[in-house]
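In: Here's my sequence, what's the structure:
(4 chains)
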Protein chains: 2
Amino acid sequence: MLVNIRMAHTLVTMKTEHPTTSEQKVLNKLRKKILERELPVGEFLSQRKLAEETKTSVISVRGALRQLENDGLIENIPRWGVRIPKETPEIIKDRYRIRELFETHVVECLCRKLSPVQQDALLKQAAELDKLAEQTSAESAFKFARLHHDFHLYLADCCESPLLTKFLERVINASLMVLNAKRMREKPITSDLIGTTHTELVEIIITGPTKKAVESMRTHIHNGLKSELEATSE
Amino acid sequence: MLVNIRMAHTLVTMKTEHPTTSEQKVLNKLRKKILERELPVGEFLSQRKLAEETKTSVISVRGALRQLENDGLIENIPRWGVRIPKETPEIIKDRYRIRELFETHVVECLCRKLSPVQQDALLKQAAELDKLAEQTSAESAFKFARLHHDFHLYLADCCESPLLTKFLERVINASLMVLNAKRMREKPITSDLIGTTHTELVEIIITGPTKKAVESMRTHIHNGLKSELEATSE
DNA sequence: AAATTATCCCTGTTATAACAGGAGTCTTTT
DNA sequence: AAAAGACTCCTGTTATAACAGGGATAATTT
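Out: Numbering: from 1, shown residues only, chains lettered A, B, ... in the order given. All right, here's what the predicted structure looks like:
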C-alpha cells in the first residue's frame, strides 16, 4: 500500500490551534444547540438544512455529525439519517453506572496522593461550584454546568490515564444535556440534591481514609443520577 | 432551527443491513490493513492515495478515517493529516489498566449469575480458544484473535451495559493490533503466557467465589499486558 | 371505486473539481 | 557565493452537483 512520508516539524505548535476548520465551527454550533436542547429529540435532522443554517456545505455538516455521533450525542442510522436519541431511564442509569465505575476508581487512585498544586486547584473549583449551586439565574446555571464538567474531568486527569479521561468526558458530556435542561427551568441545585458539597468531597479525597472517600464519591454520583432521573421524568 | 420530520417504519429491518455504504467498505479495508500492520506506523497517510487504492473518493476515505480515529486506531491532526500512532509502553499500560477496570467489574457483576445459556456459550468459546492457542499457523492466529475479541466482548455484554461494551470494544480492538503482529511472527500463545486457560477462567466465574474469580481475571489481563509489552519491545 | 402506476420532492451518499497553504527546488537577484 | 523569490507538487479541506432511492400524492388503469 502506498504511503506518503511527511515530516511534521511544526506539529507541536499546530496542535494547540483553535477552531480553524469549518467542520469544527459546525461542530461547536451543533453541540451547543444539542446541549441546550434547541433541537427536537427523536426526529431526523436534514443535513441540507443544517448546512444552510450554518452557511456551510453538507460535507462539513456530515463531518461534524460524525463527531457528535462518536461523542454519543446523536444517533446515526446509515442511509436513514441522524437524530438525537430519546433519553430513557435505562440509558441514564447505564451512564451513571459507568461514571461510578470510573470515578470511584479515580478516587481510589488519588486519595491522599494529590499534589499540593492539585489540591489547591480542586479546592478552588469546588468552592466556586458550591457558590454557584445556590444561585438560580440561567447564567449561573451555565457556568455551573461548565465548571462541574471541568471539575470532574480535572479530577480524572490527575490519574494520568488518557483513556479514562476520554471515556469519562463522553459520559459526562451526555449527562450535561439533561442537567442543563433542568437548570434552564430555574431549579437551583440545592446542596441536599448533591448530598455533600463539592468542597467536602475534595477534602475527604485529600485527607482520606480511602474507603470513606470512595463512598462519598459514590453517593455523590448516586445523587446525580437521582436528580437526572427526576429531571427527565417531568 | 428547521427540522425535518421523517417516520422510519422499516428502521428495524434496515439496521441489520450489511456494509451498504461505500464508506463502510473503505472502513473495513483500512481497519483490516491497520490491524494486520500493513500500514507504516508514525508516518502520515495520503487521503488521495488511499482513495485511489480503494477505488473510491476522498469523501469516503475521510469518513472512514474519522471512524477509525474514534476507535482510537489512528490519530488525526487537523490540517496536517492522519497517522497510525506509535505504540508506547505507556499507552499499552493505560489500555490494560482500563481493561482491568472494566473486566474485573464485569466479573464482579456476573460471578455466579450467568444463565445456563450464557454458561454454555462461554464454555464453548473458551474451549475453542484454548484449542487454538496451541497452534501456530497464521490462519489459526487470526481465528484466535477474532474469537478472543468475541469472547471478552460477549462476557461484557452479559452485564447489559451498552456503554461498557462499547468502550471495552475500543480498548480490545486496539490491543488486537499488537497481538496480531506477534502472532504473525509464528509465536504460539502457550498457556503459560496466558496464565490460566480461558476454560478455567469461565469455570471460576460460573462457580465463584467472586473474589477468586476477580483475581483470575486480573491476572489474566496482567499476563496479556506482559505479553503485549514483550511483543512491542522486539 | 379500488388498485396500480407514474411523478415529484425530499432524503442520504458520493464523485469531481476548486481552494488554501506548506515544502522543496530551481532560478534569479544581490 | 549567498539570499530572495517564483514555480511546482504535494497536502488537507470544502463547495457544487450528480447519483440512488424512499415516500407521498396525483394520475392512470382495471
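In: okay, now the closest residue to DNA strand C within chain A: neighbour count?
Out: Ranking the residues of chain A by distance to DNA strand C (Cβ to the nearest atom of the strand) places A:S46 first, at 3.2 Å. In short, each C-beta sits where N, CA and C put it, glycine included. Other residues lying near A:S46 total 18 when counted by other Cβ atoms under 10 Å in any protein chain shown.
In: give me every residue that touches the most centrally placed residue in chain A.
Out: Among the residues of chain A, A:N173 comes closest to the average C-alpha position under Cα atoms, centre = their mean, at 2.4 Å. Under the criterion of Cβ atoms under 8 Å, 6 or more residues apart in numbering or on different chains, the contact partners of A:N173 comprise A:35, A:71-73, A:149.
In: What parts of chain A come near DNA strand D?
Out: Contact residues, chain A versus DNA strand D (Cβ under 7 Å from any atom of the strand): A:4, A:6, A:21-23, A:56-60, A:63.
In: Recalculate using a threshold of 10 Å.
Out: Taking Cβ under 10 Å from any atom of the strand, the part of chain A that reaches DNA strand D is made up of A:2-6, A:19-26, A:47-48, A:51-52, A:54-64, A:79-80.
In: List the ones among those that fall in helices.
Out: Counting by DSSP state H, the members of the residues of chain A next to DNA strand D that fall within helices are A:22-26, A:47-48, A:51-52, A:54, A:58-64.
In: and these, which are buried?
Out: A:22-26, A:47, A:51, A:54, A:59-64 (16 or more other Cβ atoms under 10 Å in any protein chain shown).
In: remind me which residues of chain A are low pLDDT?
Out: Counting by pLDDT under 70, the ranges of chain A that qualify are A:1-19, A:177-195, A:234.
In: so where do the strands sit in it?
Out: Ranges of strands in chain A, per DSSP state E, are A:44-45, A:75-77, A:81-83.
In: partners of the first one, with directions?
Out: So that's strand A:44-45. strand A:81-83 (antiparallel) (DSSP bridges).
In: ok, residues contacting the partner strand?
Out: Under the criterion Cβ under 8 Å, 6+ apart, external residues in contact with strand A:81-83 comprise A:41-47, A:65, A:69, A:74-77, B:6.
In: Ok, stretch A:53-72 next?
Out: The set of residues that contact stretch A:53-72 without belonging to it, under Cβ under 8 Å, 6+ apart, is A:22-27, A:29-31, A:34, A:47-48, A:50-51, A:74-76, A:82, A:170-171, A:173-174, B:1-2, B:59, B:62-63, B:66-67, B:70.
In: please redo it, this time with the cut-off set to 7 Å
Out: Identification of contacts with stretch A:53-72 by Cβ atoms under 7 Å, 6 or more residues apart in numbering or on different chains yields A:22-23, A:26-27, A:29-31, A:47-48, A:50-51, A:74, A:76, A:82, A:170, A:173-174, B:1-2, B:63, B:66, B:70.
In: again with stretch A:207-225
Out: Here stretch A:207-225 makes contact (Cβ under 7 Å, 6+ apart) with A:92-93, A:96, A:99-100, A:103-104, A:107-108, A:111-112, A:193-196, A:201, A:204-205.
In: Just the C-alphas of that stretch, formatted as PDB.
Out: What follows is the C-alpha trace of stretch A:207-225 in PDB, where atoms were taken according to Å, rounded to 0.1, in the frame of the first residue of the first chain:
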ATOM      1  CA  THR A 207      -7.200  13.600  53.700                       C
ATOM      2  CA  GLY A 208      -8.700  10.100  53.400                       C
ATOM      3  CA  PRO A 209      -9.500   7.500  54.500                       C
ATOM      4  CA  THR A 210      -9.800   5.900  51.100                       C
ATOM      5  CA  LYS A 211     -12.900   3.900  51.800                       C
ATOM      6  CA  LYS A 212     -14.700   6.900  53.000                       C
ATOM      7  CA  ALA A 213     -13.600   9.000  50.100                       C
ATOM      8  CA  VAL A 214     -14.800   6.300  47.700                       C
ATOM      9  CA  GLU A 215     -18.100   6.200  49.400                       C
ATOM     10  CA  SER A 216     -18.500   9.900  49.300                       C
ATOM     11  CA  MET A 217     -17.900   9.900  45.600                       C
ATOM     12  CA  ARG A 218     -20.300   7.000  45.200                       C
ATOM     13  CA  THR A 219     -23.200   8.800  46.900                       C
ATOM     14  CA  HIS A 220     -22.300  12.000  45.100                       C
ATOM     15  CA  ILE A 221     -22.900  10.100  41.800                       C
ATOM     16  CA  HIS A 222     -26.000   8.400  43.100                       C
ATOM     17  CA  ASN A 223     -27.500  11.700  43.900                       C
ATOM     18  CA  GLY A 224     -26.600  13.000  40.500                       C
ATOM     19  CA  LEU A 225     -28.400  10.000  39.000                       C
END
